[in-house]
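**Q** Starting from these lines, generate the structure:
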Amino acid sequence: MRDTDVATVGLGGPVGSGKTSLVERLVPALAPDYEVGVIANDIMTREDAEQLRASFEGTLDPEMVRGVETGACPHTGIREDPSMNIAAVEELAETNPDLDVVLIESGGDNLAATFNPELADYSLFVISVAEGDDIPRKRGPGVTQADLLVVNKTDLAEHVDADLEVMAADARAVRGEEPTCFTDCKSGEGVDEVVALLEEQVLFAAGTP
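**A** Sure thing, here's the model as predicted:
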């Protein structure tokens with residue numbers, strides 16, 4: 001169990017789906033109004049954390065970005081034994097008393113990656129249009145169980161013969177009333193909708209002004 005009530009948002013999804021790119025868009029959008037921390041998971045390095053620190057230069061204090069080396073498949077550190085991530089969240093909260101939310105990015109994984117509820121209060125699962133428009137109807141746990149499904153790289157749809165309307169219909173069929181957003185993190189299209197949902201379902205729900 002976490003010893004802090006700071007809101008936590010987990011971002012999972014396959015390699016190349018655009019998790020890091022989404023974090024790079026979310027932080028500048030949230031930072032003007034909220035105190036944001038970021039944790040990046042990887043197997044043996046902290047490469048993603050270093051990339052994010054460079055991306056946020058001038059927007060976020062480098063100390064607000066932490067790297068976790070899981071030493072195994074990253075999903076282990078977010079699901080089976082999230083203790084390293086929980087410790088990182090608690091460290092951020094202890095050193096930053098005004099912290100509002102921590103974004104926790106999993107390392108690349110498959111469609112089965114989900115977050116331990118003791119670690120993430122809210123989870124986003126990111127898939128890429130380039131992986132095929134049949135991904136939603138395959139009903140992977142990440143797709144069906146995440147609080148928010150993000151279908152990213154919509155700009156590639158025409159190049160890979162992916163039908164966004166089919167993906168939207170399939171997402172509704174397997175997720176019911178749970179939300180799905182379509183984004184192009186390269187241009188920023190659709191990211192505002194993700195931010196709005198985080199504010200509505202996480203930050204405001206947690207009592208953050």
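**Q** Who does the helix or strand where Leu11 lies pair with, and is each partner parallel or antiparallel?
**A** Under the criterion of DSSP states H and E, Leu11 resides in strand 7-12. Strand 7-12 has the following sheet partners, assigned by DSSP bridges: strand 101-105 (parallel), strand 122-128 (parallel).
**Q** Contacts for that strand, please.
**A** Strand 7-12 is contacted by residues 2, 19, 22-23, 75, 78, 89, 100-106, 109, 113-115, 119-126, 142, 146, 198, 202-203, 206, 208 when judged by CB atoms under 8 Å, 6 or more residues apart in numbering. Using the backbone N, CA and C atoms, a C-beta is placed for each residue, glycine as well.
**Q** again, 6 Å this time
**A** Residues from elsewhere that reach strand 7-12 (CB atoms under 6 Å, 6 or more residues apart in numbering): 19, 101-106, 113, 115, 120-125, 142, 202, 206.
**Q** Point out where this protein drops to low pLDDT.
**A** Low-confidence segments of the chain (pLDDT under 70): 1, 44-45, 109, 206-209.
**Q** That one: helices as residue ranges?
**A** Here the chain has its helices, by DSSP state H, at 19-30, 47-55, 74-75, 83-95, 141-145, 164-175, 191-198.
**Q** Off-centre distance for the shortest one?
**A** Pointing back at helix 74-75 there. 13 Å (CA atoms, centre = their mean, to the nearest Å).
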